[in-house]
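Student: A predicted structure for the sequence below; I have some questions about it.
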Amino acid sequence: MVVLVDGKPLPDLKDNNVVFMDAFYKEFDSTLGKAAREFRKKPVKHVSNKDITLYVDQHEYAVLCHDSSAVISKLGSDMATTCHIVTLYHKDTKVAAVAHFDGPAKASATDPVTKQGMTDMVHDMLKEIKLRIRMGDGEPESIIKLELNIVCGFCDKRNLSHMLSDHLLKDFETFKSPDGFPPVQFELTMFCSSKWNNKKVEPDQEEPFNCWIVGGVVCDAKTGQIMPAQFDDDARTPVIARRGARCISEVELYPNIYSVQDNCFILRPYSYVSKPTDIPQLLSLSCAELKKKISTSPNAEASGFCLYTRASLQFIQDNPDPMKSVFSVGPLKLQAQIMDELLTWQ
């Protein structure tokens, strides 16, 4: 067993997603369910660029740590509907990771892209922990214990959140450490997701629909504490349209967007896998129409969805071959700096 909840293992992984998740909710309602209900009541942290927080966009992850040389020691993400935001934390070395997983766009018994993204995130975190221990920030361990939190998602009509919850829990449970690293044990301390992050919305003269309660998270690498969060526009940086274009065009790999050693944001080169062919038409649509065309859950999208989707679509239209127009000299690297108490990227 790799994932534990107060010392208890997860239900039988052989069960299908419906049986497994039903057993999960029943088994842990008094612990994780209670924690989720309390978490949903916490005030939402409105994150601005004054908060010096690294923004992780959809289909990305980042690893960082808190120490005297770190420019940034907080990270988070938001605008998650059917998506899940995952945080990991190693208490001794103060290494933290955040990922924004979106899962497959349709029902699937397996999800190799999410599994690979999760694996890559944990591998990068283990490398950073190993480096910190060598530097004297912690003691060598026979088992590396990581605090695991899974947040966001709701009871959507297509059960995409439900399936993503199932995939992620099983992927963490079956994780195997790479050669040269101790085994990992994930201590699941928060699961405010899917069924435990759902509310019924009943608008006037419209059909009721399900919606999320918590749509974003911020994690403090100094303490490991997580809070419900919503990022201001000036905090969703840098180059958010370029990053959104990568996601829209279905590039499968989950990239690590930050170098701890260099205090540097990195956007690695990518080519579009499947870009929309009707971008001019999409850009001309109303917000409601655009949501129906692009979103997995049109009724539940965050307020900034259309603005950021249009910016990403415009970037794709203006850069039909980003390997030539954007990445001709390699990855984009931007140094994190604090100027006038604001996070900037140079």
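Tutor: Thanks, I have the structure now. Residues are numbered from 1 along each chain as shown.

Student: going forward, measure contacts and count neighbours with C-alpha atoms only.
Tutor: OK.

Student: So which bits of the helix ranked longest in the chain are buried?
Tutor: In the chain, taking DSSP state H as the definition, the longest helix is helix 112-134. Neighbour-count burial for helix 112-134, counted by 16 or more other CA atoms under 10 Å, picks out 113-115, 117-126, 128-130, 132.

Student: just stretch 331-346 next, same as before
Tutor: Lys333, Leu334, Ala336, Gln337, Leu343, Thr344, Trp345.

Student: what about the helices in this structure?
Tutor: 17-27, 34-40, 112-134, 160-173, 240-248, 279-284, 287-294, 305-318, 322-325.

Student: Which of those sits closest to Phe191?
Tutor: Distance to Phe191, taken as CA to CA, is lowest for helix 34-40 among the helices of the chain, at 6.2 Å.

Student: So which other helices or strands are in contact with the closest one?
Tutor: strand 184-193, strand 226-231 (3 or more CA pairs under 8 Å, 6 or more residues apart in numbering; DSSP states H and E).

Student: Return the distance of it from the chain's centre.
Tutor: 19 Å (CA atoms, centre = their mean, to the nearest Å).

Student: which residues touch it?
Tutor: By CA atoms under 8 Å, 6 or more residues apart in numbering, the residues outside helix 34-40 that reach it are Met190, Phe191, Cys192, Ser193, Trp196, Asn197, Ile213, Val214, Met227, Pro228.

Student: rerun that using 10 Å as the cut-off
Tutor: 28-29, 32-33, 151, 189-193, 196-198, 213-214, 226-228 (CA atoms under 10 Å, 6 or more residues apart in numbering).

Student: Filter those down to the buried ones and hand me the ChimeraX line.
Tutor: Buried residues within the contacts of helix 34-40, by 16+ other CA under 10 Å, are selected in ChimeraX with:
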select :28,32,33,151,189,190,191,192,193,196,197,198,213,214,226,227,228
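
Student: circling back: check the buried residues of stretch 331-346 against Pro208 and report the nearest one.
Tutor: Leu343 (40.6 Å).

Student: My read is that that closest one contacts Asn49, right?
Tutor: Yes. Applying CA atoms under 10 Å, one finds Leu343 in contact with Asn49, separated by 5.3 Å.

Student: Mutual contacts of those two, please.
Tutor: Asp234, Ala235, Thr237.

Student: any idea how far the residue lying farthest from the centre of the chain lies from Cys247?
Tutor: The outermost residue of the chain relative to its centre, with distances by CA atoms, centre = their mean, is Gln205 at 34.5 Å. Taking CA to CA, to the nearest Å as the measure, Gln205 and Cys247 are separated by 35 Å.

Student: Please apply the same query to Gly7.
Tutor: 37 Å.

Student: which of these two has more neighbours?
Tutor: Comparing Gly7 with Cys247 by neighbour count (other CA atoms under 10 Å), the higher total belongs to Cys247, at 22 against 9.

Student: And for the residue lying closest to that one once chain neighbours are set aside, the neighbour number?
Tutor: Leaving aside its sequence neighbours, Cys247 sits nearest to His59 (CA to CA, 6 or more residues apart in numbering; 6.4 Å). A total of 27 residues lie near His59 under the criterion other CA under 10 Å.

Student: from memory His59 sits against His100, does it?
Tutor: Yes. Between His59 and His100 there is a contact at 5.5 Å, judged by CA under 10 Å.

Student: Now for those two: what residues contact both?
Tutor: Counting by CA under 10 Å, 6+ apart, the residues touching both His59 and His100 are Cys83, Ile85, Gly117, Tyr254.

Student: Just the buried residues out of the shared contacts of Leu343 and Asn49, in PyMOL syntax.
Tutor: Selection of the buried residues among these in PyMOL, burial being defined by 16+ other CA under 10 Å:
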select buried, resi 235+237
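
Student: CSV for the shared contacts of Leu343 and Asn49, including pLDDT and distance to Ser274?
Tutor: Putting those into CSV (pLDDT from 0 to 100; distance: CA to CA, whole Å) gives the following:
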residue, pLDDT, distance to Ser274
Asp234, 95, 29
Ala235, 97, 28
Thr237, 97, 25
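
Student: would you turn the shared contacts of Leu343 and Asn49 into JSON lines with distance to Leu75?
Tutor: Listed next are the shared contacts of Leu343 and Asn49 as JSON lines, based on distance: CA to CA, whole Å:
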{"residue": "Asp234", "distance to Leu75": "14"}
{"residue": "Ala235", "distance to Leu75": "11"}
{"residue": "Thr237", "distance to Leu75": "12"}
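
Student: Ends of stretch 283-300, what's the gap?
Tutor: OK, stretch 283-300 end separation, CA to CA: 20 Å.

Student: Over to stretch 338-346?
Tutor: 10 Å.

Student: what's the model's confidence in it, averaged?
Tutor: For stretch 338-346, mean pLDDT is 95.

Student: roughly how far is it from the heart of the chain?
Tutor: Using CA atoms, centre = their mean, the offset of stretch 338-346 from its chain centre is 24 Å.
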